[in-house]
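> no sequence on this one, just coordinates:
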């Protein structure tokens, strides 16, 4: 008998950049799920204002936060290209997981930061867990907010990103400014 509520939790995020809100969601997943799969979406996009970081950098940001924790062995981070067919997105994701990782059990719960993020999977999962991004005991954070703070020189963006990743973000944005 497992000590976990679910066998295999799934969440999809862009993590542009990976921030404390994403970590709150993953922490909850690791607490409740025997296996955790994080899919980094939009891997075909990088170097844009909305998607500045490539897949490898985003994966590294997550690994920087979790790799020294004992539960890291239960965490799988993979990338996935988007498709332009929202009606088939949920099945596309689940097919990708089952075909690419046949030894993983089928995810039995989807974790999302909002009802909107979850709606793509309401037909695919019996269980959907919402991690409330508007919880008054936790600061509101979004990738767009952090990117805007960086763009306008507001150093408070560092309050929303794990210290292990601040240098990656600074290196990217300062290098980009030097090129422009």
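Done, it's in. Please read these numbers as outputs of a predicted model, since none were measured by experiment.

> which residues sit against the longest helix seen in the chain?
Secondary structure of the chain read by DSSP state H shows that its longest helix is helix 163-179. With CB atoms under 8 Å, 6 or more residues apart in numbering as the contact definition, helix 163-179 has outside contacts at 17-18, 52-53, 57, 60-61, 64-65, 150, 157-158, 161. In this view, the C-beta of every residue, glycine as well, is placed from N, C-alpha and C.

> let's see it at 10 Å
The contact list for helix 163-179, computed with CB atoms under 10 Å, 6 or more residues apart in numbering, reads 17-19, 47, 52-54, 57-58, 60-68, 146-147, 150-151, 157-158, 161.

> what of stretch 85-96?
By CB under 10 Å, 6+ apart, stretch 85-96 touches 10, 12, 37, 39, 41, 78, 80-83, 106-107, 110, 119-125.

> follow-up on the earlier one: and the contacts of helix 163-179, which of them are buried?
Those of those that meet the buried threshold are 17-19, 52-54, 57-58, 60-62, 64-66, 146-147, 150, 157-158, 161, by 16 or more other CB atoms under 10 Å.

> which of those residues fall in helices?
In this view, these that belong to helices under DSSP H are 57, 58, 60, 61, 62, 64, 65, 66, 146, 147, 150.

> strands along the protein, start to end?
For the chain, strands defined by DSSP state E occupy the ranges 6-13, 33-40, 75-79, 109-112, 127-130.

> mean neighbour count and mean pLDDT for those - can I get that in TSV?
Formatted as TSV, the strands of the chain follow (neighbours: other CB atoms under 10 Å; pLDDT from 0 to 100):
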stretch	mean neighbour count	mean pLDDT
strand 6-13	22	97
strand 33-40	22	98
strand 75-79	17	97
strand 109-112	23	97
strand 127-130	15	96
